[in-house]
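K.L.:
Got a sequence here, can you build the structure:
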Amino acid sequence: MFESLSNRLSSVFDRLSRRGALGEEDVAAALREIRIALLEADVALPVVKDFVDAVRAKAVGQDVLRSVTPAQMVVKIVHDHLVDTLGGGAADAGFSLNAVPPVVVMMVGLQGSGKTTTSAKLARLLKQRERKKVLMASLDVQRPAAQEQLAVLGRQVDVPTLSVIMGERPVGIARRALDQAKREGFDVLILDTAGRLHIDEPLMQEVAAVRDATQPFETLLVADSMTGQDAVNVGKTFAQRIGLTGIVLTRVDGDARGGAALSMRAVTGKPIKFIGTGEKLDAIEAFHAERVAGRILGMGDVVSLVEKAAETIDQEEAEKLAKKLAKGGFDLDDLAAQLRQLRKMGGMGGVLGMLPGVNKIRKQLDEAKLDESLLKRQEAIISSMTKAERRNPKVLDASRRRRIAAGSGTTVPEINRLLKQYQDMAQMMKRMNKLGKKGLMRHGIQGLLPGGFR
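P.N.:
Predicted coordinates for the structure are as follows:
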């Protein structure tokens, strides 16, 4: 979502770094570029003005630390204020459920913003990571099949939903859901309220009535980041009329320009607590202002990368692979497992996007045309092999490779490239096993390079 803004800011800082010592004119020119970049990213004009003024006040006359260049100091000032604009520290990420159960979480927003899907994503997150017993209830009696949609999603994430009684009104549904949650010992109750195509008085009255009847601990506005400034206006209205505790931004994996995320906190005064990062029901994560600021400025987000790896890695499978490697074994089944792992983490694009300095080589990556479907094709090739072939790739002669190509819908050259990739990895694994810890410490990475020690 922030790629365009990130690229624009990177070019500004690159020009600054070539200037050496910076004067007021240099800072002013950089701030003009930053202002244009923020406006092009669809950030609200008052937010842009406040942002640029705050950065100017800090940048002009700033004492430069000995260990950094003036340009790096400007980057730091922009980074720090970007964190403040996005929502401050880690305390706002996600939310605490330290309250008397059942904790009521009310989801509000316009129709089509993704409230129902986000409710299911949040329920899954609370159940699996927080070990909470969650009940969901749909209060949307306006949209046909809305209640059935939540029930279907509930079955997919293994979270119960409130039974439907035809003709029941939203406030009655909410009260019945709260009563059931109390009786059956649920930790969290998620209320999926109705939305409209636009804000109107009946919608506000209905949501306010549900709020008064259930006294929610969290009221989360679900906003589509693709709608830009309109999402900001919606957030402002809900904050004034209903009262919000936080915001969930959906579709941040799309080509939105990022303005909604940068404007929401400043306009509503409420933190962005979660972001939806894809269509799947596990594609939701807590919003960390500092990490997102790092991504925007090309500093990467290694912490999120490590967390994502920890969530997706199968510990038992990893231990089995470690034992195999200790014995010098590495076959195509192991390679397939690594490919699946990479896909779970978001593919090459998802992983590279969190690494520091990727913006510097963005052009080369674009020219390389990394095809995310390549991982699936490589998995298909391995799946088309027999068990014996996966364990001993040396038996793969020309006729077997033609058979595998036909079975996987690929070509023989693709199979050859995969086998070359496997051979390189297998050789590296053998060198690591041969060197052991002492050898690696003595010879360093050179011991793993083709050709042996140097």
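
K.L.:
Low-confidence ranges, the stretch 351-454 of the chain, go.
P.N.:
For the stretch 351-454 of the chain, residues meeting the criterion pLDDT under 70 lie at 351-372, 429-454.

K.L.:
Also the chain?
P.N.:
Looking at the chain by pLDDT under 70, you get 1-23, 26, 59-74, 87-95, 228, 253-261, 291-329, 342-372, 429-454.

K.L.:
Got the domain ranges for it?
P.N.:
3-86, 91-288, 317-448 (automatic domain parsing).

K.L.:
out of those domains, deepest packed?
P.N.:
domain 91-288 (a mean of 19; mean count of other C-beta atoms under 10 Å). For the C-beta atoms, the positions are set from N, CA and C on the backbone; glycine is no exception.

K.L.:
which residues in the protein form strands?
P.N.:
103-108, 134-138, 188-192, 218-224, 246-250, 272-276, 284-286 (DSSP state E).

K.L.:
Can you say which of those strands is nearest to Asp200?
P.N.:
Asp200 sits nearest to strand 103-108 of all the strands of the chain, at 13.7 Å, using C-beta to C-beta.

K.L.:
The closest one vs strand 218-224, what angle?
P.N.:
30 degrees (axes from the mean of the first three to the mean of the last three C-alpha atoms, to 10 degrees).

K.L.:
so what does strand 103-108 touch, helix or strand wise?
P.N.:
Contact analysis of strand 103-108 by 3 or more C-beta pairs under 8 Å, 6 or more residues apart in numbering; DSSP states H and E lists helix 115-128, strand 188-192, helix 201-214, strand 218-224 as its packing neighbours.

K.L.:
Nearest to Arg143, out of these?
P.N.:
helix 115-128 (8.9 Å).

K.L.:
Contacts only, for Phe217.
P.N.:
Applying C-beta atoms under 8 Å, 6 or more residues apart in numbering to Phe217 gives the contacts 97, 99, 103-105, 245.

K.L.:
Apply 10 Å and report the result again.
P.N.:
95-106, 188-189, 245 (C-beta atoms under 10 Å, 6 or more residues apart in numbering).

K.L.:
if we can go back for a sec, including distance to Lys58, could the strands of the chain go into a markdown table?
P.N.:
Output for the strands of the chain, formatted as a markdown table (distance: least, C-beta to C-beta, whole Å):
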| stretch | distance to Lys58 |
| --- | --- |
| strand 103-108 | 36 |
| strand 134-138 | 44 |
| strand 188-192 | 41 |
| strand 218-224 | 30 |
| strand 246-250 | 27 |
| strand 272-276 | 24 |
| strand 284-286 | 28 |
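
K.L.:
Would you map the helices across the stretch 351-454 of the chain?
P.N.:
362-368, 373-383, 387-391, 398-408, 412-443 (DSSP state H, counting those that start in this stretch).

K.L.:
returning to that earlier point: out of the contacts of Phe217, which comes closest to Ala388?
P.N.:
Using C-beta to C-beta, the contacts of Phe217 come closest to Ala388 at Val188, 50.1 Å.

K.L.:
does that closest one really touch Lys132, like I thought?
P.N.:
Yes - at 5.1 Å, Val188 counts as touching Lys132 under the criterion of C-beta atoms under 10 Å.

K.L.:
Pull up the overlap in contacts between those two.
P.N.:
Joint contacts of Val188 and Lys132 (C-beta under 10 Å, 6+ apart) are 97, 101-103, 123, 126, 159.

K.L.:
Redo those as TSV? Include distance to Asn233.
P.N.:
Converted to TSV, the shared contacts of Val188 and Lys132 look like this (distance: C-beta to C-beta, whole Å):
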residue	distance to Asn233
Leu97	30
Pro101	35
Pro102	33
Val103	29
Ala123	29
Leu126	30
Val159	32
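
K.L.:
Brilliant, that's me finished.
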